[in-house]
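*Asks:* 3D model of this:
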Amino acid sequence: MADQSPRRITDVDTLRALAHPLRLRILDAVGLHGPLTATEVAERVGESPANCSWHLRQLAKYGFVSEAGGGTGRQRPWRLVTDGHRWGDGEESPALARAGDAAFLTLLDLEYRKLRDWMTVRRQQPPAWRDAAFLHQFISWYTPEELHELQEELRGVLGRHLDRLGDPATRPPGSRPVRLMAWSAPEVDGPTDADADGNGDR
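*Replies:* Predicted coordinates:
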């Protein structure tokens, strides 16, 4: 099993490097089909090899991909760095907060598109995959401490097969890439349990 301790990003330039739609598509291609050369990435994302090569070097500079060994120039293969990443917790400078928000929104745009892609074709998929896929929605009451605990539990569950991205030998027969995403969004204009802190109406 891969190490489940993600890298915490606190650098503005690193987050800005991630907040780029093409770079996320490149990361997707390398993660799902890699190692890939810039030329192979270009074929998958519909961009020029020169452009993909430049973006791969930028992604490598900030620790999102690394050279897989062999080849030179645009023919050297790249692999995804699968240690996971996190940002946006704790105190942030305004610049870091803006960069983090931009990265989140770019990532969400990609994931929404991939979810819509699945919803469009799911009726044509094999029944086993159609039935195994899921979308759950819940609303409940949590304290910040409970929500943080849930976050850590979900990270452990969703990331337990992260090693399969980088090592094809660990992938069981019949498996295929599956996108997993979870979020919590506290209501900003809903009711609060004011009685819990002694400020409720008497």
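
*Asks:* what comes up buried for stretch 23-40?
*Replies:* Applying a neighbour-count criterion of 16 or more other Cβ atoms under 10 Å, one finds 23-31, 34-38, 40 buried in stretch 23-40. Every C-beta, even on glycine, is put in place using the N, C-alpha and C of the backbone.

*Asks:* Apologies, that question was intended for stretch 67-87.
*Replies:* So for stretch 67-87, counting by 16+ other Cβ under 10 Å, buried means 68, 74, 76, 77, 78, 79, 80, 81, 85, 87.

*Asks:* Select from the residues you listed every entry located in strands.
*Replies:* Among the buried residues of stretch 67-87, the members falling in strands (DSSP state E) are 78, 79, 80, 85.

*Asks:* which residue ranges form the helices in the protein?
*Replies:* Using DSSP state H, the helices of the chain run over residues 12-18, 21-33, 38-45, 49-61, 94-121, 127-132, 144-158, 163-166.

*Asks:* Just want the angle from the longest one to helix 21-33.
*Replies:* Think helix 94-121. On the basis of axes from the mean of the first three to the mean of the last three Cα atoms, to 10 degrees, helix 94-121 is oriented at 60 degrees to helix 21-33.

*Asks:* Same check on the fourth one?
*Replies:* Our comparison of helix 49-61 with helix 21-33, counting by the same axes, to 10 degrees, yields an angle of 80 degrees.

*Asks:* which residues are in contact with helix 49-61?
*Replies:* 17, 20, 22-23, 26-27, 30, 38-39, 41-42, 45, 65-67, 73-74, 78 (Cβ atoms under 8 Å, 6 or more residues apart in numbering).

*Asks:* at 7 Å instead, please
*Replies:* 17, 22-23, 26-27, 38-39, 41-42, 45, 65-66, 74, 78 (Cβ atoms under 7 Å, 6 or more residues apart in numbering).
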